[in-house]
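**Q** sequence and predicted model, in that order:
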Amino acid sequence: MSRPRILVSNDDGINAPGIKALVGELVKANFADVYVCAPSGERSAQSHAITLGRYLSCVPADPVPGVVEAYAVDGTPADSVMLALCSPVFQDITFDLVLSGINRGDNCGLHVIYSGTVGAAREAACKGIPAMALSLDNHLARKPDDYALSASLALPLVRAMLGLLPGQAAAAAPAADGQQQEGQPAGRRPPAASLRGVVVNVNFPIGQGQLLQGMYLARQSIACVFPAFREVREAPGPHLAEIDEHTPNSRVFRNYAGVVQEDQDEGGDAWALKNGWISVTPLSLLSHIPDQLDARTGSIRGALSEVVTRAAAEAGMACGGVSKL
């Protein structure tokens, strides 16, 4: 029997505190083999960008003791996951689940379009691997301790996805080696098997002191921070645009946060997060508007309802939104 294999990536970089906290909890829980392939440095807001026209390099890393293997990639978040899944970096190992995060700052609403965290998870979903993006609604979180609660609450969601919680009579969909995963009795497939081609987008409320309401199965909102570009007049440096300083009439701008487009309609991810819920939202790879709900949509909703319900129960928390998605 083989243990589940989990790949972890992010967009804040392989040495960021969020990924270290998440990987540390996974290693400590010891229910899966953990691999890491993440950008070598900060790559936020890269969306699903990939590198073409130059080579990618990766170097062995050791973000947290106990991982099977880890590599830092000089590319984007999507590059890192693509390299892990479609190259010999991990000797063609197949993964049962890909996690991206924990991101510094939320990824609700329209932010999922720009997010490198979601982009890394989306790349896994594009390759048919169940994927989860995890973010903390705290832009000031710069230490592993700031992510401790979120990392611990991510474990029930991960275990529920893999069908490893008590009462889940499920066996993981066989990997390429055809082996049943350790600790799983024979039975129906775990929720992750019905969530291939889906990004499960999870956002944790800010701070460990806030009273958490529970886990809420939410829809995507249209919340977004609009840009407020300001012209920059300062000496050249690495923080400025990569242009020739002698280019005539060149102007340099910096993107600052501007007006916030709120969306606090009940049931949305932004509403859930603001009201103390851990929001869990399924994101599709398809951008077209369907004519009607189909069997595939029902299967996704049913599988994710099970994940949220069982994970909340395992964490001793309330569960919301399951019947309203």
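**A** That came through fine.
**Q** what about the strands in the stretch 151-300 of the chain?
**A** All strands of the stretch 151-300 of the chain, identified by DSSP state E, counting those that start in this stretch, fall at 198-204, 214-217, 224-231, 253-261, 277-284.
**Q** is the closest residue to M215 other than its chain neighbours in a helix, a strand, or coil?
**A** What sits nearest to M215 in space, not counting adjacent residues and going by Cβ to Cβ, 6 or more residues apart in numbering, is A312, at 4.2 Å. (Each C-beta comes from the backbone N, C-alpha and C, glycine too.) Of the three states, A312 takes helix under DSSP: H, G, I helix; E, B strand; the rest coil.
**Q** so A312 touches Q213, yeah?
**A** No. Using Cβ atoms under 8 Å, A312 makes no contact with Q213, being 10.1 Å away.
**Q** quick one: which of the two has more around it?
**A** Between A312 and Q213, A312 has the larger neighbour count (other Cβ atoms under 10 Å), namely 24 against 16.
**Q** for the more buried one, give me its contacts.
**A** Going by Cβ atoms under 8 Å, 6 or more residues apart in numbering, A312 touches P156, G214, M215, A318, C319.
**Q** make CSV out of the strands of the stretch 151-300 of the chain and add mean pLDDT.
**A** Converted to CSV, these look like this (pLDDT from 0 to 100):
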stretch, mean pLDDT
strand 198-204, 97
strand 214-217, 96
strand 224-231, 91
strand 253-261, 88
strand 277-284, 96
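**Q** coming back round to it: filter the contacts of A312 to the buried ones?
**A** The neighbour-count test (16 or more other Cβ atoms under 10 Å) marks P156, G214, M215, C319 as buried among these.
**Q** between these, which sits nearest A49?
**A** A49 lies nearest to M215 out of the buried ones among the contacts of A312, by Cβ to Cβ, at 30.9 Å.
**Q** what's the spacing between the closest one and S57?
**A** Separation of M215 from S57 (Cβ to Cβ, to the nearest Å): 39 Å.
**Q** and if you look at A318?
**A** 46 Å.
**Q** so which residue is smack in the middle of this structure?
**A** A133 (1.4 Å; Cα atoms, centre = their mean).
**Q** quick check: which element contains the closest residue to that residue other than its chain neighbours?
**A** Once flanking residues are discounted, A133 sits nearest to A121: 4.0 Å by Cβ to Cβ, 6+ apart. Assigned by DSSP states H and E, A121 belongs to helix 116-126.
**Q** what's the angle between that helix and strand 277-284?
**A** Calculated by axes from the mean of the first three to the mean of the last three Cα atoms, to 10 degrees, helix 116-126 forms an angle of 50 degrees with strand 277-284.
**Q** state the mean pLDDT of helix 116-126.
**A** Across helix 116-126, the average pLDDT comes to 97.
**Q** swap in stretch 33-46?
**A** 94.
**Q** check stretch 54-69 too.
**A** Here stretch 54-69 scores 94 as its mean pLDDT.
**Q** quick one: that stretch to chain centroid distance?
**A** How far stretch 54-69 lies from its chain's middle: 19 Å, per Cα atoms, centre = their mean, to the nearest Å.
**Q** with just CA atoms, put it into CSV.
**A** Taking Å, rounded to 0.1, in the frame of the first residue of the first chain, the C-alpha atoms of stretch 54-69 are listed here in CSV:
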residue,chain,number,x,y,z
ARG,A,54,14.6,30.7,-21.9
TYR,A,55,15.6,27.7,-19.8
LEU,A,56,14.3,27.1,-16.3
SER,A,57,16.6,26.0,-13.6
CYS,A,58,15.8,24.5,-10.3
VAL,A,59,18.0,23.8,-7.3
PRO,A,60,17.5,21.4,-4.3
ALA,A,61,16.1,23.2,-1.3
ASP,A,62,15.3,22.3,2.3
PRO,A,63,12.4,24.6,3.4
VAL,A,64,11.3,22.2,6.2
PRO,A,65,12.9,19.0,7.5
GLY,A,66,11.0,15.9,6.6
VAL,A,67,9.9,16.5,3.0
VAL,A,68,10.9,13.8,0.6
GLU,A,69,12.3,16.3,-2.0
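**Q** show residues contacting it.
**A** Here stretch 54-69 has contacts from 14-15, 19-20, 23-24, 27-28, 33-38, 40, 70-75, 79, 83, 89-90, using Cβ under 8 Å, 6+ apart.
**Q** narrow those residues to those in strands?
**A** Of the contacts of stretch 54-69, the ones assigned to strands by DSSP state E are D33, V34, Y35, V36, C37, A38, A70, Y71, A72, V73.
**Q** verify the stated contact: L153 with F204.
**A** Yes. Using Cβ under 8 Å, L153 makes contact with F204 at a distance of 6.7 Å.
**Q** out of the two, which sits in the more crowded spot?
**A** Legend: neighbour count by other Cβ under 10 Å for L153 and F204, higher for F204 (28 against 21).
**Q** so the closest residue to the more buried one other than its chain neighbours: helix, strand or coil?
**A** Leaving aside its chain neighbours, F204 sits nearest to S150 (4.1 Å; criterion: Cβ to Cβ, 6+ apart). For S150, the assignment made with three-state DSSP gives helix.
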